[in-house]
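**Student:** sequence plus the predicted model coming up.
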Amino acid sequence: MEKAEHLVRTAITGSRKGLPDIPNYKHSLDVAEILCSFGFSDEVVLAGLLHDVYEDGNVSFEELSHLGFSPRVVELVRLCSFDKSLPAGDVRWAAMIGNLAKVNDRDAWAIKIADLVDNIGDSYALSPERAVYMHEVKGPKILNLSEKLLADSPLWQELEKEIKKRPA
């Protein structure tokens, strides 16, 4: 966990969108904390911590393997990452969500749910259109696709509660 936290703090630079005083890596720490607080395994928490190192830190999946992270952790990070060969933006997100729906991995869905719970918490700093998009498109889509695997999970229920709040 210490190695992963060090990697996240050094690889993910800059600040959060719309929040110049908050380092970008804090989101990864928050996602791991959310997963831990909802009782997910150490492996899922670790993958949640690392979930943005490929996208935002340019750390390859091979590098994660060479650093000693388990094949399962690397696979979860891969499942929760955009395909960089696709055009940036919502196309990447839609393709990733489509792949998650095809694979239907409970742990990967939990990471994406924790990711969105944290992002919704910071959505007040986004444009009103992006905040509404999170609440009215991303959140319901993730809930719908993960319902069979996670509807009984307090984490899933937390996202359901969060998306019902109106963005400021």
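**Tutor:** Looks like it arrived, so ask away. Numbering: from 1, shown residues only.

**Student:** counting contacts, what elements does the top strand by length along the chain pack onto?
**Tutor:** In the chain, assigned by DSSP state E, the strand with the most residues is strand 19-23. Using 3 or more Cβ pairs under 8 Å, 6 or more residues apart in numbering; DSSP states H and E as the contact test, the elements touching strand 19-23 are strand 15-16. All C-beta atoms are positioned from the backbone trio N, CA, C, and that covers glycine.

**Student:** packing partners for the strand it packs on?
**Tutor:** strand 19-23.

**Student:** so what strands line up beside the helix or strand of the chain with the lowest mean pLDDT?
**Tutor:** Least confident helix or strand, the chain: strand 15-16 with a mean of 78, by mean pLDDT, DSSP states H and E. Looking at strand 15-16 with DSSP bridges, its partner strands are strand 19-23 (antiparallel).

**Student:** picking that back up, show me what counts as buried in the following helix or strand past the longest strand of the chain.
**Tutor:** Helices and strands here follow DSSP states H and E; after strand 19-23, the next one along the chain is helix 26-37. By neighbour count on 16 or more other Cβ atoms under 10 Å, the buried set for helix 26-37 is Lys26, His27, Ser28, Leu29, Asp30, Val31, Ala32, Ile34, Leu35, Cys36.

**Student:** could you list the low-pLDDT ranges of this protein?
**Tutor:** 18, 167-168 (pLDDT under 70).

**Student:** quick one, helices of it?
**Tutor:** Using DSSP state H, the helices of the chain run over 2-11, 26-37, 42-50, 53-57, 61-66, 71-79, 90-103, 106-121, 128-133, 139-150, 154-164.

**Student:** spatially nearest residue to the spatially most central residue of the chain, not counting backbone neighbours?
**Tutor:** Centroid check for the chain by Cα atoms, centre = their mean gives Asp115 as the closest residue, at 3.2 Å. Once flanking residues are discounted, Asp115 sits nearest to Val31: 5.3 Å by Cβ to Cβ, 6 or more residues apart in numbering.

**Student:** that neighbour and Ile113 touch, don't they?
**Tutor:** No. Using Cβ atoms under 8 Å, Val31 and Ile113 do not qualify as a contacting pair, with a distance of 9.7 Å.

**Student:** no further queries at this time; thank you.
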